[in-house]
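**Q** Fold the stuff below for me.
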Amino acid sequence: MGITGINNIWHSSFDNWCWLHLRQSFIKYADQGILFSMSMSFLVLLLTTKNFYISVMAILSISAIILGLMSMVNLFGWEFGIIESTCVIIFIGISVDYVVHICHQYIHAMDNQRKQRMDFAFKNMGATILGGALTSSFSAFFLIIC
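**A** Below you'll find the predicted structure:
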């Protein structure tokens, strides 16, 4: 008499099921994390710059950065998992940091022309932002080994 159905099957590794649930939770809530992070970033930008137009432009810039990241994940054929969902949230934080510095300098520029204001912002914060980006990139290099 043979074994029929799956009633006689048994499982030997409880850890994998917990990990699978955690992975599904990360992926499921990644979009909520993105939405929450972008909403809070917009609110903070609006309160600090007191300029709706600048805040919208900054959020559009941040959205373009995140869209670029998500496009690269798709282009490389990576599966959207725990690492990718965590990276998206971290990239939002990093991109907000850089965009906020440029917006801050743009708001405080004394010129009335947009080009001169952007030149002022890039002149005063460009080296700082580039230094921060290089520092983040170099420190991330050692995490690649992990």
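
**Q** just the helices in the protein please.
**A** 14-49, 52-75, 82-108, 114-145 (DSSP state H).

**Q** Throw those into JSON lines and include mean neighbour count and mean pLDDT, thanks.
**A** For glycine as for every other residue, the C-beta is placed from the backbone atoms N, C-alpha and C. Below are the helices of the chain laid out as JSON lines (neighbours: other C-beta atoms under 10 Å; pLDDT from 0 to 100):
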{"stretch": "helix 14-49", "mean neighbour count": "13", "mean pLDDT": "78"}
{"stretch": "helix 52-75", "mean neighbour count": "15", "mean pLDDT": "89"}
{"stretch": "helix 82-108", "mean neighbour count": "17", "mean pLDDT": "82"}
{"stretch": "helix 114-145", "mean neighbour count": "12", "mean pLDDT": "86"}
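
**Q** Isn't A30 up against F80?
**A** Yes - assessed by C-beta atoms under 8 Å, A30 is found in contact with F80 at 7.5 Å.

**Q** Now do the contacts for Q105.
**A** Going by C-beta atoms under 8 Å, 6 or more residues apart in numbering, Q105 touches 120-121, 124-125.

**Q** okay, those residues in a markdown table with distance to M72 next?
**A** Output for the contacts of Q105, formatted as a markdown table (distance: C-beta to C-beta, whole Å):
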| residue | distance to M72 |
| --- | --- |
| F120 | 32 |
| A121 | 27 |
| N124 | 30 |
| M125 | 26 |
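
**Q** got the contact list for the nearest residue to L22 once chain neighbours are set aside?
**A** Excluding the flanking residues, the one nearest L22 by C-beta to C-beta, 6 or more residues apart in numbering is I82, at 7.5 Å. Neighbouring residues of I82 by C-beta under 8 Å, 6+ apart: 22-23, 26-27.
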